[in-house]
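Peer 1: how would this look folded up:
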Amino acid sequence: MGQAVDPTAAPGQAAPGQAAHGDVPVLEVRGITKTYGTVQALRGADLTVNRNEVVALVGDNGAGKSTMIKSISGVISPDSGQILIDGRPVSLSSPRDARAHGIETVYQDLALAPDLDPSANLFLGRELMRPGILGRLGVLDKRRMRREADEAFASLGVGIQDTTVQVATMSGGQRQGVAVGRAVRWAHRVVLMDEPTAALGVVQTERVGALIESVRASGISVVLISHNIPFVFEVADRIEVLRLGQRVATFDRSTMSAQNVLGAMTGALTFG
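Peer 2: Residues are numbered from 1 along each chain as shown. All right, here's what the predicted structure looks like:
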């Protein structure tokens, strides 16, 4: 049986997908708290994401995973603690702040506009205008947006046969590909993915795994929330476990079993 990584330890000599010695994490969460009335969603929670790494954030229902992701994506503000980008504390008081720091989120519901085509979804809120007076009049450069969307999807291996159709007509796997493609198009540090395989079949889940590998290959780190532990072991470099609003363990996926992870999630296995 492998060894669990000390959750409080700084990154040391790296295995593939981890930070090199002396390198700082691309994203670090230190001791954040969040309380809703009498409910403590986060109780000094931590998270470390190194460059070019896929980190799975797992935990039972109510562990604080969604609150952690909302804090990083700027949807909510923690009551206390720090979020650091490249070693520097930042304030992420809105999703716009998170996006400005190169952090994009793929939500479980994908947050796509079903009546628009993939290219329009890719540039939703960031539309490209025609040059010259037409752009000043608000005329969209649909040809350029479609061309850049095709290039973005092709670079990730997203198989979209017809990019002119409405997203509502696409399969679940294709819609997931559009959402991931949009995130990668604008992210330059981290992509947060919330339950990307929920309600997907086996083949579509495999495609999501390939998408995550493509994102990592592009130099962008991934934080993956998933209850699908076998999938986590297929795609993640490290696994960080939240329990009752705190990080209780960090595992190197290559040296740990699913039983270890489940034990940490439930409290049956503890680390001191």
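
Peer 1: now stretch 73-80 - C-alpha only, PDB.
Peer 2: Listed next in PDB are the C-alpha coordinates belonging to stretch 73-80 (Å, rounded to 0.1, in the frame of the first residue of the first chain):
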ATOM      1  CA  SER A  73     -14.700  30.600  -9.600                       C
ATOM      2  CA  GLY A  74     -15.700  33.900  -7.900                       C
ATOM      3  CA  VAL A  75     -19.400  32.900  -7.500                       C
ATOM      4  CA  ILE A  76     -19.100  33.400  -3.700                       C
ATOM      5  CA  SER A  77     -16.600  35.100  -1.400                       C
ATOM      6  CA  PRO A  78     -15.000  33.100   1.500                       C
ATOM      7  CA  ASP A  79     -15.400  34.400   5.000                       C
ATOM      8  CA  SER A  80     -11.600  34.000   5.600                       C
END
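
Peer 1: which residues touch it?
Peer 2: The contact list for stretch 73-80 (Cβ atoms under 8 Å, 6 or more residues apart in numbering) reads 31-35, 42, 67, 70-71, 92-99, 103, 105, 192. Every C-beta, even on glycine, is put in place using the N, C-alpha and C of the backbone.

Peer 1: now a PyMOL select for only the buried ones of these.
Peer 2: Restricted to buried positions by 16 or more other Cβ atoms under 10 Å, the PyMOL selection for the contacts of stretch 73-80 reads:
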select buried, resi 32+33+34+42+67+70+71+92+98+99+103+105+192
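
Peer 1: and the contacts of stretch 73-80, which of them are in strands?
Peer 2: Applying DSSP state E to the contacts of stretch 73-80, the entries found in strands are G31, I32, T33, K34, T35, L42, I103, T105, L192.

Peer 1: separation between the second one and A258?
Peer 2: In this case it means I32. 28 Å (Cβ to Cβ, to the nearest Å).

Peer 1: please apply the same query to the fifth one.
Peer 2: For T35, the distance to A258 equals 32 Å [Cβ to Cβ].

Peer 1: and if you look at the first one?
Peer 2: When distances are taken as Cβ to Cβ, G31 and A258 turn out to be 28 Å apart.

Peer 1: closest one of the ones in strands among the contacts of stretch 73-80 to E206?
Peer 2: L192 (21.2 Å; Cβ to Cβ).

Peer 1: the closest residue to that closest one other than its chain neighbours: what's it in contact with?
Peer 2: Excluding the flanking residues, the one nearest L192 by Cβ to Cβ, 6 or more residues apart in numbering is T105, at 4.4 Å. Going by Cβ under 8 Å, 6+ apart, T105 touches I69, S73, P95, A98, A183, V191, L192, M193, D194.

Peer 1: what pairs with the host helix or strand of I83, and is each one parallel or antiparallel?
Peer 2: Assigned by DSSP states H and E, I83 belongs to strand 80-85. Note on strand 80-85: by DSSP bridges, its sheet partners are strand 27-36 (antiparallel), strand 88-90 (antiparallel).

Peer 1: what about the last one, average pLDDT?
Peer 2: Right, strand 88-90. Taken as a whole, strand 88-90 has an average pLDDT of 96.

Peer 1: tell me how far it is from the chain's mean position?
Peer 2: Computed by Cα atoms, centre = their mean, to the nearest Å, the chain-centroid distance of strand 88-90 equals 19 Å.

Peer 1: so for it, what gets flagged as buried?
Peer 2: Buried, per 16+ other Cβ under 10 Å, within strand 88-90: V90.

Peer 1: list the buried residues for the strand holding I83?
Peer 2: Neighbour count says strand 80-85 has G81, I83, L84, I85 buried, by 16+ other Cβ under 10 Å.
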